[in-house]
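A.B. asks: kindly generate the corresponding structure for this input.
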Amino acid sequence: MNKAKRNFLVDTTLISLILVATITGLLVWLVFPFHSGRDELTLLLEDIHKWASVTLVIVTVYHLVTHWEWYKKTFQNLRRL
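C.D. replies: Residues are numbered from 1 along each chain as shown. Okay, here's the model as predicted:
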């Protein structure tokens, strides 16, 4: 897989995981706390939220590692301004 395809896949995965974690987090926090008890849907949403968040951290670390040289060069260029 070439670099452009890999970056596109990683960035698309990050955006998708951010959306999933945000939507499930908001649903559990704002919608389902008002229901009595812990039903299966709430537990499922919490599991999806948890695993999306863990995967988001892993993919973010991968993203930072693969772009580390770019970050270094950009920081050096910004310091020169």
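
A.B. asks: now the element after the host helix or strand of Ala4, going C-ward?
C.D. replies: Secondary structure from DSSP states H and E places Ala4 in helix 3-26. Proceeding N to C from helix 3-26, the next assigned helix or strand is helix 40-66, under DSSP H and E.

A.B. asks: flag every buried residue along that next one.
C.D. replies: Residues of helix 40-66 classed as buried: 42, 45-46, 48-49, 52-53, 55-56, 59 (neighbour count, 16 or more other CB atoms under 10 Å). (Glycine included, C-beta is placed from N, CA and C.)

A.B. asks: and stretch 23-36, by the same measure?
C.D. replies: Those would be 24-25, 27-28, for stretch 23-36 by 16+ other CB under 10 Å.

A.B. asks: which residue is nearest the middle of the protein?
C.D. replies: Centroid-nearest residue in the chain: Leu56, 3.4 Å away (criterion: CA atoms, centre = their mean).

A.B. asks: residues contacting that one?
C.D. replies: Residues in contact with Leu56, defined by CB atoms under 8 Å, 6 or more residues apart in numbering, are 14, 17-18, 21.
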